[in-house]
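Visitor: Okay, sequence plus prediction incoming.
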Amino acid sequence: MDPRPDSVPASPNAPRPAATWPTIDAAKPLLFLLDAATGLEVRILEEWIEAHRPEAVDPSRVDSVRIASSRRPGPVEAAPLESALARGDDPLVVPLRVVWLAREKEGRREAGPLDLFLLGDPRDPGPLRARFVRHFAKDRCQVVVGEPAGANELRSRWREALGEDIAETMGLERFVVRQAALALDRAERRHRGGRYKIPRFLKEEILASPAFRGGLERIARELGRPIGRVQKEADRYLREIAATHSPLWIDVFARLCRSSSTRGYDHLRVDPGQIEAVRELSLRHTVVFLPTHKSNLDHPVVFRALHEQGLPPSHTAGGDNMNFFPQGPVARRAGIFFIRRTFGDNELYKFVMRSYIDFLVEKRFPLQWFIEGGRSRSGKLLPPRYGLLAYVVDSYLRGKADEVILIPVSVAYDQISEVDDYAAEQRGAPKESEGIGWLFRFLKGLGRRYGNIDLRFGDPIALSEALGQPTEALREDSLVVPKLAFEVCARINRVTPVTPISLAMLAMLGAGDRAMSLEEVHAALADLTKFVLARGLPTSEKLRFESPDEVRGTLDLLVESGVLERFDEGPEVIYSIVPGQHLAAAYYRNTMIHFLTTSAIGELALLRASEAEAGEGSRAFFDEALRLRDLLKFDFFFSEKEAFLEELRHEMSIHSVDWERRLDDPDEARDLLESIRPFVANRTLRAFFESYEIVAKRLSMLGTDAAEDEKRLVRDGLDWGAQYQRQRRIRSAESVSKTLLQNGVRLAANRGLLEAQDDADTRLRLTHELRETIRRMDALDAIGAFAEARRTGALH
């Protein structure tokens, strides 16, 4: 009965070892603990002992005691075990259990709908079903042997685990039974597979922990409340938070996840090499999966992928808004734990939450939550939320685990069913409340095909390497968690693939409201494909845009989903973005926009250098690049200043080896700019600057008064933006976006422009800065159009 937490999630197709007699000195006395729920199981285990006992082992030295079944807990007399443990000959304690397996189908042993609704859990059969399996499907009835341990060793472990409060918290017999159950769980997983690794005594261990009890006493003193009431409230909070895994419901949830993700999508693509790397990390350490959140399908996709590969279910954080019937009870039994959106000053709730995370980290159970918190309505990665990451980092720094591995996860879709809802919310529509009606509408929306799903794992982050050995200084450093969160997001972005849909939307948005002929889209995609390939960017599949017919295939998918419209009644086939669908188009473009930002900044900085005096171009270039980085810092994840400049240098070197030397000559800087093909700044950044300008103009209307209501400022921005769009005062329809306006407000707040001003010109300076940036964007548009006309011969 090894006390170390199990971390051996077996491959789903791994061979199941046969139970064998423990290898020991034949003269050593043996005490078998029979973890049996029924008399039939007791007989099976006793028959196994007799059948497998070596001849050299004296039967008088072999004893057995029935203990409470971990599958069906019930009263079992403790006296026989107490008496057996009190013997002075230090017997080797060996736990035994009968394991009932589900039928194998398509290489998996999972419970099915028939089991759920009619027969019950095949792993816990009723009397008649158990006898039937025993006689007619013997491969589904197995005996497992847990790791043995000496009685004296168990007694020492009991004292060490429970300290001075042994008698008050747990007797030796109860402790031994629990250790036996844990050892048998580990042995059982070698039969069932690692996908059923679940905590057995989570609530009991947390509530009985001396550290937890001491924390409750401290909180009771601070709050001036009776300890009994505080304990009851802590127990209620733990039940409110904790997942209650069930192997049966894990199987049911896996089938639901498989059904929902195959209903709307053709393939879920996962790199087997990445899965094996994750498996190896799970063998040794606590792993924390941190996926992106683009769709309500994200968790089912990750759950399905891990389950099908035999990895254990993650303890996944979910907002309490998703804890509604029937989704909440099913999800909780499959590993989701629900937490409140805000804790406020509820110190007891925070303490219980921290204790729960401590338990999972210490016992090496995998965790998971969305690093962004909520779903991205814009397509690009949202700023990370720090709360749960702070709990895990704090657990590590307090020594709950020698190592914790953060695993960035990108979930990428060709298309998603919620994109129209996102576009509506970006225009100011309220978010639909979650509930049973919402769930049915979401599932109904998966009725058509949306392409493929790609699941990618970023390079893992080991806390021991990222932070070093835990110290008090690290615990007090407020930048530790934000830096880790930033690095997770950066690694997610690196592995998020460019899809044919995202590249097509990049091409179409470059034309604004203008329709493009099939030949024009083909030419634009040829240039953009070269851009992707030259930089070695990850792609979901080979980008097949060699012919107009291949381009047409991708565009027609977007016509079917209502994002594009096709006009083929003229001499040429032309495509355009459907009026009102620019935000949907931008969503798909934005899934890859992080790969374009540095290039776009380089183009605008190069234009600024070409406008500078001779000899001043280099300084103008780098000043402009850093200024743009500062403007955009609330929408994009930029590296630290020096690292960013190095990335910019690398990007520019793709265009010209001696680019930096050419900056100080305005003509050469202009020639270098005009040689770039394609421009990406006009396809990517205009909407951000126009949205920020809407906020800046609205602030200027306030004169020197404070902007006290940020939400009102965003609502006003949506109204003014809609007006500006109709007046053609802004060119990008995607500028009128709640997310972009919110980040424009954050930019203004960062510059102190929401507070009352001494001088109204302070706010006007931001407006002028943005207007000048947009002027350069217009100039890039003109240069790009001229270069394209010259290339195609349209000037003649």
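Guide: Done, it's in.

Visitor: so which strand or helix has the nearest residue to V736 once chain neighbours are set aside?
Guide: Closest residue in space to V736, ignoring its immediate chain neighbours: G721 at 3.7 Å, by Cβ to Cβ, 6 or more residues apart in numbering. Any C-beta I mention is one placed from the backbone N, CA and C, and that applies to glycine too. Per DSSP states H and E, G721 falls inside helix 710-726.

Visitor: and if you look at P313?
Guide: Using DSSP H and E, no helix or strand contains P313.

Visitor: ok, now how distant is it from C257?
Guide: 11 Å (Cβ to Cβ, to the nearest Å).

Visitor: shared neighbours, the two?
Guide: F303, H307 (Cβ atoms under 8 Å, 6 or more residues apart in numbering).

Visitor: Name the residue in these two with the higher neighbour count.
Guide: P313 (25 against 22; other Cβ atoms under 10 Å).

Visitor: Verify the stated contact: the more buried one with W249.
Guide: No. Counting by Cβ atoms under 8 Å, P313 does not reach W249; the two are 10.0 Å apart.

Visitor: what residues does stretch 380-388 touch?
Guide: Stretch 380-388 is contacted from outside by 292-293, 317, 357, 367, 369, 371-374, 376, 481-482, 485-486, 488-489, 492-493, 590-591, 593-594, 634-637, using Cβ under 8 Å, 6+ apart.

Visitor: quick one: R140 and P125 touch, right?
Guide: No. Judged on Cβ under 8 Å, R140 makes no contact with P125 at a distance of 9.2 Å.

Visitor: If you count contacts, what does the longest helix along the chain end up packed against?
Guide: When the chain is parsed with DSSP state H, its longest helix is helix 761-792. Identification of packing neighbours for helix 761-792 by 3 or more Cβ pairs under 8 Å, 6 or more residues apart in numbering; DSSP states H and E yields helix 597-611, helix 617-631, helix 666-675, helix 681-684, helix 686-701.

Visitor: low pLDDT regions in the stretch 101-250 of the chain?
Guide: Within the stretch 101-250 of the chain, the stretches falling below the threshold (pLDDT under 70) are 113, 116-119, 162-170.

Visitor: ok, now the stretch 651-796 of the chain?
Guide: 788-796.

Visitor: Just give me the neighbour total for W100.
Guide: Neighbour number of W100 under other Cβ under 10 Å is 20.

Visitor: So in terms of bridging, what pairs with it?
Guide: Beta-bridge partners recorded for W100 (DSSP bridges): C141.

Visitor: D781 contacts N682, correct?
Guide: Yes. At 5.0 Å, D781 counts as touching N682 under the criterion of Cβ under 8 Å.

Visitor: what is in contact with P313 and W249 at once?
Guide: Joint contacts of P313 and W249 (Cβ under 8 Å, 6+ apart) are A334.

Visitor: For the stretch 301-450 of the chain, which segments count as helices?
Guide: For the stretch 301-450 of the chain, the helices defined by DSSP state H, counting those that start in this stretch occupy 327-333, 347-362, 387-397, 419-426, 436-445.

Visitor: So which of the ones you listed is nearest A756?
Guide: Checking the helices of the stretch 301-450 of the chain against A756 by Cβ to Cβ gives helix 419-426 as the closest, at 30.3 Å.

Visitor: one step back: which positions within the helix holding G721 qualify as buried?
Guide: L713, V714, D716, G717, L718, W720, G721, A722, Y724, Q725 (16 or more other Cβ atoms under 10 Å).

Visitor: Check the gap between the last one and Y588 for me.
Guide: Read it as Q725. Note on Q725: its distance to Y588, by Cβ to Cβ, is 21 Å.
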